[in-house]
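Q: Provided below for reference: sequence and predicted model.
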Amino acid sequence: MPASPNRSARVLRAGRRRALPLAAALLALVGGVLWWLLPLGQERPSGEITFSTGVRTGVYQRYGQLLKEALDRRLPDVSTTLRDSEGSQQNLSRVASGEAHFTIATADAVATYVQEGRPGAADLRGCTRLYDDYVQLVVPRGSAVRSARDLAGLRVGVGQPGSGVRLLADRLLGAAGLDPAKDIRAVSAGIDTMPALMEGDRLDAFFWSGGLPTNAVLRLSERFPIRLVPLEQELVDTVHAEGGPSRYYRSAVIPADAYPLAQEGEPVATVAVANLLVTTERMDPALTEGVTRTVIGSRDRIGREVHPAQVVDLRTALYTDPLPLHDGARRYYRSVKP
């Protein structure tokens, strides 16, 4: 027997009522995707970018790898290429010259590049304040070195010429009353080779500046007895007195659990400096906005493997001193302002 018109109408209305929540959910999902991909009505970013990272086994390189994965997911029309580097100084030179489009560099390295008026310095722009690097002065556990002053005459790893580590090592050695060119036997090497050099008794100490923990240092502590040398407040005060780029250093403490086997339950006094995500004013605003959005949105996922990334904070991310904020990054921060 055919259904009555009234019954058919009731069934139709019920079906529509059940469909409405599903449709609303789909619209919300689509809206969320469009909010991500097309913020503020902009076209979805596309093109190719090069990201200059750092030395193998360093935090910059691993962060770059994980950020590339996030960019591939969230900006599918953007092709990202990673390029290893010696560190902050080389990274800035590459971005300023157009060899790379985005990079990470320490605030003191940025300030030095700008202060010295190096090529393209005026075009550099900040996107995000990331995590802090901590200076780690590493020695064999049985070493007599108890302060930076004790490095006189020793074989000391000071980072590669294009690295931020080299800037820090030179400034800290100078503050300790040592001439890096005369008073130590400086070894130009990065974190990819310094641990092996120490294990092979070809280094008495090395400087490293990176997020905590740096896997290369952590792994070294697990197979070779090492110790971290404190960088006391007096040394930090002396560095600060120099002014200029040195004002971006701050006193800090390496927590006792950063390298358990190297610290034996004790925190270690040191120096820290902020890292910045850097590009140039030439970079497309929509693409810069998308990259900035991805950095902030991927914080937790990246932070599971690169622990320093967990501290990237939306409230402070836009403070990219000594660089002006890129217009695209500013557009992102305005879009999420409460």
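A: Thanks, I have the structure now.

Q: Please, where are all the strands along the stretch 201-338 of the chain?
A: In the stretch 201-338 of the chain, the segments counted as strands under DSSP state E, counting those that start in this stretch are 205-210, 226-228, 250-254, 268-280.

Q: if I pick the nearest residue to residue 229 once chain neighbours are set aside, what's in contact with it?
A: Spatial nearest neighbour of residue 229, excluding adjacent residues (C-beta to C-beta, 6 or more residues apart in numbering): residue 137 at 4.2 Å. Quick note: C-beta positions are derived from backbone N, CA and C, even for glycine. Residue 137 sits next to 148, 205, 206, 207, 228, 229, 231, 270 when contact means C-beta atoms under 8 Å, 6 or more residues apart in numbering.

Q: Surely the first one touches residue 230?
A: It refers to residue 148. No - between residue 148 and residue 230 there is no contact under C-beta atoms under 8 Å: 9.2 Å.

Q: Is the residue nearest to residue 229 located within a helix, as I assumed?
A: No - remark: residue 137 does not belong to a helix; assigned using DSSP: H, G, I helix; E, B strand; the rest coil, it is strand.

Q: Quick check: beta-bridge partners of it?
A: Applying DSSP bridges to residue 137 gives these bridge partners: residue 207.

Q: Next one: it from residue 169, what distance?
A: Residue 137 sits 9 Å away from residue 169, going by C-beta to C-beta, to the nearest Å.

Q: Between these two, which contacts overlap?
A: In contact with both residue 137 and residue 169: residue 207, using C-beta under 8 Å, 6+ apart.

Q: who are the neighbours in contact with residue 296?
A: Per C-beta under 8 Å, 6+ apart, neighbours of residue 296: 128, 312, 314, 317, 332, 336.

Q: Which residues belonging to stretch 228-245 are considered buried?
A: By neighbour count with 16 or more other C-beta atoms under 10 Å, stretch 228-245 contains the buried residues 228, 229, 230, 231, 235, 236, 238, 239, 240, 245.

Q: Residue 138 contacts residue 204, correct?
A: No - contact between residue 138 and residue 204 fails when scored by C-beta under 8 Å: they sit 10.2 Å apart.

Q: Can you pick out the residue with more neighbours from the two?
A: Taking neighbours as other C-beta atoms under 10 Å, residue 138 and residue 204 compare with residue 138 leading, 25 against 22.

Q: Now for that one: which residues touch it?
A: Going by C-beta under 8 Å, 6+ apart, the list of residues near residue 138 reads 194, 198, 205-208, 217, 220, 226-229, 262.

Q: Let's have these in CSV, adding pLDDT and distance to residue 284.
A: Formatted as CSV, the contacts of residue 138 follow (pLDDT from 0 to 100; distance: C-beta to C-beta, whole Å):
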residue, pLDDT, distance to residue 284
194, 98, 38
198, 98, 44
205, 98, 45
206, 98, 40
207, 98, 37
208, 97, 35
217, 97, 38
220, 98, 42
226, 98, 45
227, 98, 48
228, 98, 43
229, 98, 45
262, 97, 44
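
Q: of those residues, closest to residue 152?
A: residue 205 (11.1 Å; C-beta to C-beta).

Q: That closest one touches residue 139, doesn't it?
A: Yes - assessed by C-beta under 8 Å, residue 205 is found in contact with residue 139 at 4.6 Å.

Q: In stretch 80-87, which residues are buried?
A: Within stretch 80-87, judged by 16+ other C-beta under 10 Å, the buried ones are 80, 83, 84, 85, 86, 87.

Q: Report the contact partners of the third one.
A: The contact partners of residue 84, by C-beta under 8 Å, 6+ apart, come to 53, 54, 55, 56, 61.

Q: Can you give me every residue that contacts the fourth one?
A: Think residue 56. With contacts defined as C-beta under 8 Å, 6+ apart, residue 56 is in contact with 84, 190, 192.

Q: thinking again about what came up before, highest mean neighbour count out of the strands of the stretch 201-338 of the chain?
A: Most buried of these, by mean neighbour count (mean count of other C-beta atoms under 10 Å): strand 205-210, with a mean of 27.

Q: Now do that one: distance to the chain's middle.
A: Relative to its parent chain, strand 205-210 has a centroid offset of 16 Å by C-alpha atoms, centre = their mean, to the nearest Å.

Q: now the angle from it to strand 268-280?
A: 50 degrees (axes from the mean of the first three to the mean of the last three C-alpha atoms, to 10 degrees).

Q: And the contacts of strand 205-210?
A: 58-60, 106, 133-139, 143, 145, 151, 154-159, 164-165, 168-169, 172, 187, 189, 191, 194, 197-198, 214, 216-217, 229, 273.
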